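Asker: got a sequence here, can you model it:
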Amino acid sequence: MADSDSPVVPRNKEAGEGVDGITSLEDPRLYLNRELSWLRFNRMVLEEAMDDTHPLLERAKFLAICGSNMDEFFMSRVPGLRRQSERGALELPPDGTTPQEQLEAIKEEVDRLVDEYAYAWGKYLLPKLDAEGIHIHRMTDLDEEQRAGLREYFEGSLFPILTPLAFDVNHPFPFISSGAINLAVVIHDDSGREKFARLKVPGGGLFPRFVRVEHGRPARSSDQHFVLLEDLVKANLDLLFHGMKVVAAHAFRVTRDAEIEIELDETSDLLTAVEEGLESRRVGEPVRLEVDEGMPGRMADMLARNLGLSDQLVYRSSAPLALADLWQLHKLQRPDLLDSPFLPFIPRALADEKTILESVRSRDVLLYHPYDSFQPIVGLLKQAAVDPDVMAIKITFYRIDSNSPLVEALMEARRNGKQVAAVLELKAKFDETANISWARQLEHAGVHVVYGAVDIKVHAKMCLIVRRSRNGIVRICHLSSGNYNTQTARIYGDIGYLTSDPAIASDVSDLFNSLTGYCVQGEYRKLLVSPGGIRRGIEERIEREIAVHKEMGNGYLAFKLNSLIDKGMIQALYRASMAGVKVDLNVRGLCCLKPGVPGVSDNIRVVSIVSRFLEHSRIYYFQNGGDEEIYLGSSDLMPRNLNRRVEELFPVRDKKIREAVLKYILQVHLHDNVKARELRGDGTWARVQRKEGEEPLDSQVWLLENRGIWHGEK
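Answerer: Presented below is the predicted three-dimensional model:
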């Protein structure tokens, strides 16, 4: 059914009207707001920061994630709403709220979150850190010897690079870079006149945010003492303003629009255009001003006015600004305060790197990271690089880790005379600079590097190895929900699949050809491919499930994904629910579907799991009257994934693996009653309540304890 259609909600026979007055699936009351859904996901992350079942430094990590998530929200989402509010919206979201209404709702929600962040830091985490011998001091709390030692450090290391900038009628308001911590300094000259200056606190890896206090005698030899970098700078401002009286100094921080402008003409290439476009991010329009709680109103007003920001985009906090820097605490050498390490599982078929290629020829293998090791994929590429029978390797890259062993394997393959092609997405947000660097290194090694198009991102995750055998050419495929990144494979819940199935391999070959050449293919044998194909494939299978249910009465759908936003997909699920099909959804974060609406979505249950590992896999299960189908892959159900990205979903054709995915992965997550939250009709999430006598099930803990079970090896 097309997005523009308006399905009719069955009328209540007794009342003679639509359920709760809703007569069409176009009704805005059937949809949750995307932006508020995102912020409410962040509240779940905050809850983990205050969950005593996590080790202490892991809780600090979750608060750091809250900070980085909020930064990304303001860099990526708020700018567009602001522009639409000023110029007019081309199209309202499914819930019907205007850009201005969304900005007002965001302000209200973020103000609450900022207060909760401050509580989590000041009233919850700080005392617990202190009790564990990790002390975050104010400068005024230190003794004379400690302050003297820090002043010496300041003079020798910090002072030479600091640049105070005056701003008054004779000095223009300085440019404030995005994300940096600054001090607004109030000073009096010798005549008592008030003056203002801005001082940027050096960050960006030059200096740690948490400065170690080296002098003094700690209560315990194992204790660690720190001060915040901005507090150290504040305490030594007299060295920067000789002859002046420093009256006050308040921290502030600006967030800017992170969208980049890519202008491609006949004389330029995409790499150069992206590189030039990154400059626009540095000078993007301000979208948020954060100030410390103690900053006087007139000073905050003056900063906001010079930045062109309304009160709606000014936020006060008693917590340290730039909470993402709490990641530094997570790196402290305190294993007793961190998650216990574990050894990822390696299935027997992939245990010997020298025989991986032969093993995959004879059987499909599923890997569920991080419970399964990513090392077999590294080993696969390493073996392919030196195997004399391997003729070609093709791969897609979206986010690449530093010192990537996969990139090294590709360059080794090229040195060994193999044909190597990499489709590298230059426009992966916030990874553009790293990807440009990798592109140049790969090109220098002789790898064929393809960047994609300006208006569409390549988000599909796939690798193809072409190998000679006695029986002809064999194509070995790796398809995945996750990036080819050895770092994220340790902390993201992603599914990878190895197969030499000829039909799937032919599809992967065709898809690579469409990415690297001019071939345009609309239909594939087994893969569902966006743009277009995933929407059609999922909708057709939902409609099939409705038809099967009408005939057999056992319709069931279960999806696991990161985001469910697309209106057409939500309407298809509503139609399934209205027909009586039971629908289980495990949606990590953004969800615009409203569950529990009588007569519309009362057969739909939505849960989310936020815990140690980032849930990142995509699983689409269709019961189909017993002839089950499972699709895995890279795509969420968002307009961008379905319409504006190259994505792939692939079928699990091996019956035993299909049964294992359903029983040991999908259903385990859906039955989590420890870390799972259930989505309510008002858009908030509530912890799943265990039924009386029900055993607790923490899905991630269960998966760690049962590594290997989906391989039949436990």
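Asker: after the worst-scoring helix or strand of the chain on mean pLDDT, heading C-terminal, what element do we hit next?
Answerer: Across the helices and strands of the chain, mean pLDDT, DSSP states H and E gives its lowest value to strand 17-18, namely a mean of 40. Counting by DSSP states H and E, the next helix or strand C-terminal to strand 17-18 is helix 34-49.
Asker: pLDDT on that next one, on average?
Answerer: Over the span of helix 34-49, the pLDDT mean works out to 96.
Asker: list the contacts of that helix.
Answerer: When contacts are defined by CB atoms under 8 Å, 6 or more residues apart in numbering, helix 34-49 is touched by residues 54, 59-60, 62-63, 65-66, 69-70, 73, 77, 81, 93, 102, 105-106, 109-110, 113, 116-117, 120, 124-125, 565, 588-592, 608, 610-611, 677, 683-685. Placement of C-beta: from N, CA and C, glycine included.
Asker: restricted to strands, list these.
Answerer: Using DSSP state E, the members of the contacts of helix 34-49 that fall within strands are 608, 677, 685.
Asker: out of the residues you listed, who's nearest Ile657?
Answerer: Ser608 (25.7 Å; CB to CB).
Asker: any idea what that closest one is bridged to?
Answerer: Beta-bridge pairing for Ser608 (DSSP bridges): Arg677.
Asker: please, a PyMOL command that selects the buried ones among the contacts of helix 34-49?
Answerer: Selecting only the buried entries of the contacts of helix 34-49 in PyMOL, with 16 or more other CB atoms under 10 Å as the criterion:
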select buried, resi 54+59+60+62+63+65+66+69+70+73+77+81+93+102+106+109+110+113+116+117+120+125+565+588+589+590+591+592+608+610+611+677+683+685
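Asker: I figured Ile473 hits Ile465, correct?
Answerer: No. Assessed by CB atoms under 8 Å, Ile473 is found out of contact with Ile465, at 10.9 Å.
Asker: neighbour count winner among these two?
Answerer: Ile465 (28 against 11; other CB atoms under 10 Å).
Asker: quick check: the more buried one is in a strand.
Answerer: Yes. Looking at Ile465 with DSSP: H, G, I helix; E, B strand; the rest coil, it is inside a strand.
Asker: so the nearest residue to it once chain neighbours are set aside: helix, strand or coil?
Answerer: Residue nearest to Ile465 in three dimensions, not counting chain neighbours: Ile476, with 4.4 Å by CB to CB, 6 or more residues apart in numbering. Here Ile476 is recorded as strand under three-state DSSP.
Asker: what sits against Ile476?
Answerer: When contacts are counted by CB under 8 Å, 6+ apart, Ile476 touches 357, 360-361, 380, 464-465, 467, 498-500, 505.
Asker: so which of those is the most crowded?
Answerer: Ile465 leads the contacts of Ile476 on contacts (other CB under 10 Å) with 28 neighbours.
Asker: where does Asp190 sit: helix, strand or coil?
Answerer: coil.
Asker: pLDDT score for the residue in the chain sticking out farthest from the centre?
Answerer: In the chain, the greatest distance from the average C-alpha position (CA atoms, centre = their mean) is reached by Ser191, at 53.2 Å. At Ser191, the model reports a pLDDT of 81.
Asker: any idea what Val186 is bridged to?
Answerer: In beta-bridge terms (that is, DSSP bridges), Val186 pairs with Phe196, Ala248.
Asker: let me redo that: Glu648
Answerer: Going by DSSP bridges, Glu648 forms beta bridges with Val529.
Asker: wait, what's in contact with it?
Answerer: Contacts of Glu648 by CB under 8 Å, 6+ apart are 460-462, 479, 511, 527-530, 534, 633-635.
Asker: nearest to Glu155, of the residues you listed?
Answerer: Proximity of the contacts of Glu648 to Glu155 (CB to CB) peaks at Lys461, which lies at 50.6 Å.
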